[in-house]
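Engineer: Show me the folded form of this:
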Amino acid sequence: MRFVIPKGAAQKIRDRGLPALRKEIADLSPFLEDRVDQLQDWDQLSLLTVAVDRLARWTLPGLLCIGDAAHAMSPIGGVGINLAIQDAVAASNLLGPKLLRRSLNESDLQLVQERRMLPTRATQWFQVTAQNRVIQPTLSSTKPILLPWQAKLFRSMPFLRRITARMIGMGFRPEHIRTQETQPQ
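Structural biologist: The predicted structure follows:
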């Protein structure tokens with residue numbers, strides 16, 4: 001089960017005590033009411049701190065960071081793996097031929113960051129915007145949850161759903177594996 005804790009609020013939850021947490025879980029998910037007593041110790045819980053950031057420089061001599069090593073993503077949209085795979089495909093396309101010719105240098109490694117920085121920034125911007133404008137206000141509200149105007153817009157304009165689905169599924173700069181025959185010389 002996932003239980004969303006606003007940034008900085010974990011200690012407040014601990015201060016209220018385990019019985020209060022068990023009650024809150026049971027109130028949120030009544031089907032767990034007969035099981036929350038199994039939660040006996042704070043060590044049974046794991047806190048995942050979400051950070052959205054990226055390295056300023058993805059390379060050092062002999063090293064190229066891609067995926068989570070280069071840019072931490074939020075779980076929003078589940079796109080971190082997509083970005084990591086696309087980073088790997090871009091690295092293969094850009095560096096593979098030079099590796100085969102044994103002519104790779106550090107500036108070649110930097111080409112991967114140059115190619116992948118725009119989709120990384122755009123995806124992170126999308127995630128932070130969704131967090132700040134939709135998820136955070138929804139979680140912090142004590143009023144009944146209403147459909148945000150953005151969601152209503154998507155409901156009434158199906159083409160917007162397709163665009164969003166494509167951005168989430170394919171990314172801002174989709175990468176495709178180039179075979180040796182299709183590699184530029």
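Engineer: thinking Lys98 is in contact with Leu104, fair?
Structural biologist: Yes - shown here, Lys98 and Leu104 form a contact pair, counting by Cβ atoms under 8 Å, at 4.4 Å. Glycine gets a C-beta too; all of them are placed from N, C-alpha and C.
Engineer: Which of the two has more residues huddled nearby?
Structural biologist: Per other Cβ atoms under 10 Å, whichever of Lys98 and Leu104 has more neighbours is Leu104, with 17 against 14.
Engineer: can you pull the contacts of that one?
Structural biologist: Leu95, Lys98 (Cβ atoms under 8 Å, 6 or more residues apart in numbering).
Engineer: what's the pLDDT at it?
Structural biologist: What the model reports as pLDDT for Leu104 is 93.
Engineer: you'd agree it is in a strand?
Structural biologist: No - using DSSP: H, G, I helix; E, B strand; the rest coil, the assignment for Leu104 is coil, not a strand.
Engineer: Give me the below-cutoff pLDDT ranges for the chain.
Structural biologist: Within the chain, the stretches with pLDDT under 70 are 1-2, 181-185.
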